[in-house]
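Peer 1: Here you go, sequence then predicted model.
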Amino acid sequence: MKIKLDRIISIATLVASLGAVVLVLKKPAPVAHPQSPAAIAANAQSFDQKMDQLDQAAQQAPPAAGGNYSVAPALDPQAVASSSPASSPVASGQPKAEVRLNSDEVGAALAQALGAAGAGELSGDSNAGGAAPAVKDQQVSFEGDVVHGQFLVEIAGKDVWVTVSGHLASKDGYATFEPTEFKVGDLNVPVSLVNPALQKKLAEQHDRLKLPEYVGDVKVQNGELVMQPK
């Protein structure tokens, strides 16, 4: 007795659907290692210190030369106080001042901002605008010029990991993001299907993407988040 072709197609479709569900619910490989509460506190403090240094560097820039004058790249507060036009990076041809943040520092700052749990995992609610699901956990890492973000959210009553990778930049004082990879669970989703909705959501949250007044440029470079003052 021959099995009808439509029956075979139905069985194959069912198997493929079940496989997709399994992949969606499967936990993917983590993009970063977990941090202990002590490490979160230390790395978050380092993040704050570097951002303060960046703010100081921006304040040292005089109105002349379009505000591009900056202090030594080390951003040492003593160097800021003792710097002079004769020894400035502009005069000597040195690069602009900048701070470099690793993924542990950025991850710790996010953990504290969203509310770190006692075990070092996030339990904060990022339900911005009333439509986004609560973020139960998050990870972030940098690789080359790409940022990887991984978020545990509840979808239809199920905990699902969403992983997104892409390029971070800035334009007109706002952060921008162009995805290069998107995954739900362990299932790859074509970026072309996701990007329009993602960019629409980012546009709706435009004010949340505004950079601090003292930040002129932001990018990921050599596995670190690099920020330059205005």
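Peer 2: Here it is on my side, so go on.

Peer 1: So for stretch 156-166, what gets flagged as buried?
Peer 2: By neighbour count, and taking 16 or more other C-beta atoms under 10 Å as the criterion, the buried residues in stretch 156-166 are 160, 161, 162, 163, 164, 165, 166. From N, CA and C alone the C-beta is placed, and that goes for glycine too.

Peer 1: Please save the CA atoms from that stretch in CSV.
Peer 2: Extracted in CSV, the C-alpha atoms of stretch 156-166 (Å, rounded to 0.1, in the frame of the first residue of the first chain):
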residue,chain,number,x,y,z
ALA,A,156,3.8,32.8,25.6
GLY,A,157,4.5,31.6,29.1
LYS,A,158,7.8,30.0,28.1
ASP,A,159,11.3,31.3,28.9
VAL,A,160,13.2,31.8,25.6
TRP,A,161,16.7,33.0,24.9
VAL,A,162,17.0,35.7,22.2
THR,A,163,20.5,36.4,20.8
VAL,A,164,21.3,39.3,18.6
SER,A,165,24.7,40.4,17.2
GLY,A,166,25.6,43.4,15.2
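
Peer 1: contact partners of that stretch?
Peer 2: Identification of contacts with stretch 156-166 by C-beta atoms under 8 Å, 6 or more residues apart in numbering yields 24-25, 27-28, 31, 136, 146-154, 177-185, 198.

Peer 1: can we see that at 6 Å?
Peer 2: 27-28, 146, 148-153, 177-185 (C-beta atoms under 6 Å, 6 or more residues apart in numbering).

Peer 1: ok, the buried residues of stretch 156-166 vs residue 228, which is closest?
Peer 2: Distance to residue 228 across these (C-beta to C-beta) is lowest for residue 166, with 20.3 Å.
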